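> Generate coordinates for the sequence data below:
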Amino acid sequence: MKRLLKLLAFPDFRIIAGLAASALLIWLFGELTEEILERELLVRMDDLVLALLHLIRSPALTGVMIFVTDLGSPYIIAPGTILLVIFLLLSRRKSDAGFAGLVMAIGAILNTIVKISVQRARPYPPPGGPLVEAWGWSYPSGHALLATLFYFTVAYTMGRSVKRKHLRIAMAAAALLISGLISISRIYLGVHYPSDVLAGMTGGILWFTICLTAMRLYELKKKRKTGP
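Just a heads-up that it's a prediction; the model follows:
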């Protein structure tokens, strides 16, 4: 505890921003969860959005959405994480490999814990039957949460070896876009409510921010030990 306080005595901007963002995201995730448990206004808005989406479905758009949603499936995320960790280890970036493994492994565990705790049923299938198979509880969206964690982690770890700032920004924007599209696809396909995917992305960004802040604290501590 004393070591943590010593590190926080002269924190850099990224640590302050990370702690502030984490606090805000914790509050937002808590508010979303409370709304779902108490079945307040947010739940009625979920039903309205799903009803509107039923009106714009088409075979072509459904095909696109199925392709997009597959980018966040466990069959992509799990092997992708393993390959990322192996690549980082072979590149002698042990800290980054540990970061990626920790983010994804504990993120998956936290997602499961929240699902079991809330136990929200999935939406009723759209007219004509379900568009894709889905199992387990609905809140939060595992696709949204884990896709956010995975693509953000890829952008961060790969971006650390890129010198040009605009390329790092482009990688971060691409990660946000992909995870956002995956989240939208879950709503379109009728396997999640909008609040499920909002909570999934919020939870993913929250856990990623916490890990990122912890990583920065670790690097700061290591730097002070080795000296200038």
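
> buried set for the strand or helix carrying residue 107?
For residue 107, the element it lies in under DSSP states H and E is helix 94-118. Neighbour-count burial for helix 94-118 flags 96-97, 99-101, 103-104, 107-108, 110-111, 114-115, 118 (criterion: 16 or more other C-beta atoms under 10 Å). Backbone N, C-alpha and C define where each C-beta goes, glycine included.

> Report the mean per-residue pLDDT for that helix.
The average pLDDT within helix 94-118 is 92.

> Would you tell me what the next helix or strand after it is?
helix 142-159.

> Check the average confidence over the helix or strand following that following helix, would you?
Using DSSP H and E, the helix or strand that directly follows helix 142-159 along the chain is helix 165-188. On average, the pLDDT along helix 165-188 is 92.

> got the angle for whichever helix or strand comes after helix 165-188 vs helix 142-159?
Sequence-wise, the next helix or strand downstream of helix 165-188 (DSSP H and E) is helix 194-226. On the basis of axes from the mean of the first three to the mean of the last three C-alpha atoms, to 10 degrees, helix 194-226 is oriented at 30 degrees to helix 142-159.

> Which strands and helices lie in contact with helix 194-226?
Using 3 or more C-beta pairs under 8 Å, 6 or more residues apart in numbering; DSSP states H and E, the elements in contact with helix 194-226 are helix 2-9, helix 13-38, helix 41-56, helix 94-118, helix 142-159, helix 165-188.

> Can you tell me which of those is packed in deepest?
Stretch with highest mean neighbour count among those: helix 142-159 (a mean of 25; mean count of other C-beta atoms under 10 Å).

> could you say what helices and strands it packs with?
Looks like helix 142-159 contacts helix 74-90, helix 94-118, helix 165-188, helix 194-226 (3+ C-beta pairs under 8 Å, 6+ apart).

> angle of the shortest one against helix 94-118?
In this case it means helix 74-90. Going by the same axes, to 10 degrees, helix 74-90 makes 150 degrees with helix 94-118.

> what does helix 74-90 contact?
With C-beta atoms under 8 Å, 6 or more residues apart in numbering as the test, helix 74-90 has contacts from 70, 94, 96-97, 100-101, 104, 146-147, 150, 153-154, 157.

> rerun that using 7 Å as the cut-off
Contacts with helix 74-90, where a contact means C-beta atoms under 7 Å, 6 or more residues apart in numbering, come from 70, 96-97, 100-101, 104, 146-147, 150, 154, 157.

> Mind putting the helices and strands packed on helix 194-226 into TSV with distance to residue 88?
Below are the helices and strands packed on helix 194-226 laid out as TSV (distance: least, C-beta to C-beta, whole Å):
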stretch	distance to residue 88
helix 2-9	25
helix 13-38	21
helix 41-56	39
helix 94-118	4
helix 142-159	6
helix 165-188	15
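
> Nearest to residue 200 among those would be which one?
Closest to residue 200 of the helices and strands packed on helix 194-226 is helix 142-159 (C-beta to C-beta; 2.9 Å).

> angle of the closest one against helix 165-188?
170 degrees.

> so how far is helix 142-159 off the chain centroid?
Its chain's C-alpha centre and that of helix 142-159 lie 6 Å apart, by C-alpha atoms, centre = their mean, to the nearest Å.

> mind checking pLDDT for the residue nearest to residue 29 when sequence neighbours are not counted?
Excluding the flanking residues, the one nearest residue 29 by C-beta to C-beta, 6 or more residues apart in numbering is residue 202, at 5.0 Å. In the predicted model, residue 202 carries a pLDDT score of 90.
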